[in-house]
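Engineer: Build the 3D model from these lines:
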Amino acid sequence: MNQPRRNGNNGNNGNNGNNGNNNGNNNGQQRRHARVVVHKPTDLWRPVPQLPEAEKVAATQDPSVLLRSLGDPPLMNKSVIAGHYIATVIERSAALASALAASADLLSTPEEGDLSLE
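Structural biologist: The predicted model follows:
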């Protein structure tokens, strides 16, 4: 207790717990070298096949019906409020999807055929 320390090795003969293999593993295992995998470069500008013609979509009258069919979210005292917020997000996303479809002239009209399930 009264003797000075020896250069930070605390009397363990200078191996610092690595069993003399100098790789830092305390259990004496040798480090394995990772295999080098050479990937073939991808041609980013290659021609791609033509996409199929886009189908028309119908706007829904009640986008949150699926959410309501599942019941209120299981959130202790806030389930009704959370259900309203989630329904608001679903309704807003449905409105944006309808606007996007209309901007691309992909929104079906009632004259083109009734796509709803009503």
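
Engineer: quick one: contacts for residue 59?
Structural biologist: Listed by C-beta atoms under 8 Å, 6 or more residues apart in numbering, the contact set of residue 59 reads 94, 98, 101, 107. Quick note: C-beta positions are derived from backbone N, CA and C, even for glycine.

Engineer: Go through the residues you listed and flag which are in helices.
Structural biologist: In this view, the contacts of residue 59 that belong to helices under DSSP state H are 94, 98, 101.

Engineer: Turn the residues you listed into JSON lines, columns for neighbour count, distance to residue 64 and pLDDT.
Structural biologist: Shown next, in JSON lines, are the ones in helices among the contacts of residue 59 (neighbours: other C-beta atoms under 10 Å; distance: C-beta to C-beta, whole Å; pLDDT from 0 to 100):
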{"residue": "94", "neighbour count": "16", "distance to residue 64": "8", "pLDDT": "95"}
{"residue": "98", "neighbour count": "17", "distance to residue 64": "14", "pLDDT": "94"}
{"residue": "101", "neighbour count": "17", "distance to residue 64": "19", "pLDDT": "94"}
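
Engineer: Just give me the closest of these to residue 48.
Structural biologist: residue 101 (23.5 Å; C-beta to C-beta).

Engineer: and the nearest residue to that closest one once chain neighbours are set aside, what are its bridge partners?
Structural biologist: Of all residues not flanking residue 101 in the chain, residue 107 sits nearest, at 4.3 Å (C-beta to C-beta, 6 or more residues apart in numbering). Counting by DSSP bridges, residue 107 is bridged to residue 57.
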